[in-house]
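> let me see the structure of the following:
(2 chains, ligands or ions: 3)
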Amino acid sequence: MPKSFQIQIPHITRVEGHGNLVVRVTDGHVEKAEWQVVEAPRFFEAFVQGRRWDEIQAVVSRICGICSISHSLVSIQAIENALHVQVSPEVQKLRSLTHASEILQSHILHIGYLVAPDLFKAPSVIPLVENQREVVQKIIELHRIANQWSDLLAGRTTHPITLIPGGFTRTPSLKEFENLQHDLSTATKLTNQIASVILSVAHQIPHFERETEYIALQQPGQYSFESGQIASSDLPELTPVENFESVTNEYVTNQSTAKWARWHRGAYAVGALARYNLNHKFLRPAAAQLAHQLGIKSKCINPYANSLIQLVECVQILGDAQELIDFFLENPHPLNRESITPRAGEGVAAIEAPRGILFHRYQLNDQGICRSANLCIPTNQNHGNLQKDIETLLPQILHDDQESIRQLLEMLVRSYDPCISCSTHFLNIKFIDS
Amino acid sequence: MSKPQVAIFDLAGCEGCQLQIVNLEDSLLQLLSLVDVVEWREAISNHGPEIDIALVEGCLEREEDVARLLHIREKSKILVALGSCAISGGVHQMRNALSSLEARQITYGNNGFLKHLDVHEKVQSLDQIVKVDYSIPGCPIHRQELSYVLRCLALGRIPFIPTYPVCVECRIQENLCLWQQGQLCLGPLTRAGCHATCPSHGTPCIGCRGYSSDANPQGLRQSLNRYHKTPEEFEHHLNLFLGSSLEHAHA
Ligand code: SF4
Ligand code: SF4
Ligand code: SF4
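Numbering: from 1, shown residues only, chains lettered A, B, ... in the order given. Ligands and ions are numbered 1, 2, ... in the order given. Here you go, the predicted structure:
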């Protein structure tokens, strides 16, 4: 029987604010399927103008509470590029170690607090505390280790304090590195235990595939989270980070207060799935093995698999981090902080934030004051792709029962965005039977 | 006695303050034995229950944000401003130096004029619209302080947030004063409670917790010379969070 119904999902978040999903189906035809971004515009590119080179990090960190370390690091790197400052390889290594803590934090938050309830068919993480206490405690413990790791290196988990152009204002002692190494071996065990629980329910991940363009940083030989150039699954060659605007092609739409992006197709995807598709051959054996156990093929075009790949990345990042700590344990020398003289210039940088590639560009005047900024964030780059996924998925599931349509759409949105405001489960769906 | 119902809302902000609730980790589980976290839909629907404690993050950019805040206020017995954005606009108040049209044009180019990007001329804080019962300062808020305030409210006690300046905590930590090292630190003006976390990591305080009750910016202005700092530098630094006015100092 042809179906008619409307789905109005005002604010697909626990606490409102960011996304609406509006769907209208008449006699079995999808008339409208629209992902609307209604988040309040916040104008960082406007008010960062006029801030000094050594204040920009503190401002742009506030763009996102979950990936503030990524915003801080990429801004610092762009400013160093503008000021022709070259930091030592040791500083770069310590920055990578700091960045890794944020990726673990954010991924575990997403997997543990967002995806786990879906997989265990619970309405939110709160009832899971009762039903799956053991795994919830492991998730909490792992998240706590990730946070303490950020605290140690960045000064705190949200809006870092120690990261400045030229280096760090504080670096860990040898003892602190040793303790961290110990914590990370616990974290690796916890990750493996959580992974085996997820493995037992991974078949609950919906089967849905759609070809799209994937974009991520690529540094040959390495599963990169920081260095390299821009790779696209639609293009054989790499694009220099300096030319990121030719990749993102940002545009304003009526259905969004955030800017959207597109390159070779109507939309592209960034994040764990994109990184995996472009760089999986550089994964560590343990991470590659987990991907294999989870049933993830070398080319994966199921957006729902994003969360599983985040788990693979947790294994990857913990391995990277342990190697970095070994380096600091073997080379216990104090880190230099480069002294900086302001000058006029322009600088660009890119980083893989937990949710995908992130670009910052700044122009500074001769006193090092910001004259203009262009900041292109991963979530915005994904909006267009989510819209396309919804358009493709909906006709395929129209004959499902109403509850599963609701569930599938919710899970799709959640698979893109680990923001805590998207973390609980509700959709107001009105089904109109014709 | 039934557990108080707590609901969390966000306006314009980075969600960093809400994240601190999750970051409470194990103590979050303990906290859940004292309060019930109700979900937004349940909390906001017209038929939903009254909320005992509403935690509101973020500032107000648009008409619809104001409407939401009024509705939250109406449904809530106690309204708590969560973080600098809610208390004073936080970093967002920097856009008040521009006209809203300028800000829209810089961010969105010529598309900035589209109707759905309409914002108020000035960013506003919660207390400019509704009565705020308690404030938890910081950008982000301090986890332990949040847990402490929620416990107090659940037990019907009045929470105490320090009113003295960050310098007091900084001296307890035995830090070398950053002014002596040529840095402009706003610790003398800023409300304590963060254990002087920035100076303790070698970074000047930028005033994220707002003015302390005995803040004396004028006094500090007069000693700038001694440290080879200019009034312009000082005002520039104040603009990040504090602003030159003491408007929100004694909230
Ligand atoms: S006060 Fe700071 S941490 Fe909290 S929401 Fe605002 S910007 Fe984010
Ligand atoms: S470093 Fe800052 S907070 Fe500490 S004593 Fe000096 S002025 Fe006060
Ligand atoms: S030291 Fe100052 S800027 Fe840092 S957290 Fe405390 S109040 Fe905020």
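> buried set for stretch A:320-340?
Within stretch A:320-340, the residues that qualify as buried by neighbour count (16 or more other CB atoms under 10 Å in any protein chain shown) are A:320-322, A:324-325, A:328, A:335, A:337, A:340. (Glycine included, C-beta is placed from N, CA and C.)
> which residues sit against it?
Stretch A:320-340 has contacts (CB atoms under 8 Å, 6 or more residues apart in numbering or on different chains) with A:53-54, A:83, A:85-88, A:90-91, A:93-94, A:96-97, A:100-101, A:149, A:164-169, A:171-172, A:174, A:177-178, A:180-181, A:184-185, A:188, A:225, A:284.
> tell me the pLDDT at residue A:407?
As predicted, residue A:407 sits at a pLDDT of 80.
> quick one, what contacts it?
Under the criterion of CB under 8 Å, 6+ apart, the contact list for residue A:407 reads residue A:118.
> what helix or strand is it on?
Assigned by DSSP states H and E, residue A:407 belongs to helix A:402-416.
> neighbours of the closest residue to residue A:188 other than its chain neighbours, how many?
When the adjacent residues along the chain are set aside, residue A:188 lies closest to residue A:318, with 5.0 Å between them (CB to CB, 6 or more residues apart in numbering or on different chains). As a burial measure, residue A:318 scores 26 neighbours (other CB atoms under 10 Å in any protein chain shown).
> so for residue A:318, what's the pLDDT?
The per-residue pLDDT reported for residue A:318 equals 98.
> ok, residue B:16 next?
According to the prediction, residue B:16 has pLDDT 92.
> show me what contacts it?
Shown in contact with residue B:16 (CB under 8 Å, 6+ apart): A:62, A:64-66, A:68, A:158-159, B:83, B:139-140.
> name all residues that make contact with the residue in the stretch 101-250 of chain B positioned nearest to ligand 2.
Relative to ligand 2, the nearest point of the stretch 101-250 of chain B is residue B:187 (2.2 Å; CB to the nearest ligand atom). By CB under 8 Å, 6+ apart, the contact set of residue B:187 is B:165-167, B:170, B:178, B:196, B:199, B:204-205.
> the residue nearest to residue A:188: helix or strand, and which one exactly?
With DSSP H and E as criterion, residue A:318 is part of helix A:306-330.
> how about the helices in the chain?
With no chain named, the answer covers chain A. For chain A, the helices defined by DSSP state H occupy A:44-47, A:56-60, A:68-82, A:89-109, A:116-119, A:125-131, A:133-154, A:174-201, A:245-248, A:272-279, A:285-293, A:306-330, A:378-397, A:402-416.
> oops, chain B please
For chain B, the helices defined by DSSP H occupy B:16-22, B:26-31, B:40-44, B:63-75, B:84-88, B:100-108, B:143-154, B:166-172, B:197-200, B:217-222, B:231-238.
> nearest to residue B:6 among those would be which one?
helix B:143-154 (7.0 Å; CB to CB).
> counting by contacts, list what the closest one packs against.
For helix B:143-154, the contact count by 3 or more CB pairs under 8 Å, 6 or more residues apart in numbering or on different chains; DSSP states H and E identifies helix B:16-22, helix B:26-31, strand B:51-57, strand B:76-82, strand B:134-136 as packing neighbours.
> can you list those in JSON lines and add distance to residue A:154?
Output for those, formatted as JSON lines (distance: least, CB to CB, whole Å):
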{"stretch": "helix B:16-22", "distance to residue A:154": "13"}
{"stretch": "helix B:26-31", "distance to residue A:154": "21"}
{"stretch": "strand B:51-57", "distance to residue A:154": "21"}
{"stretch": "strand B:76-82", "distance to residue A:154": "22"}
{"stretch": "strand B:134-136", "distance to residue A:154": "22"}
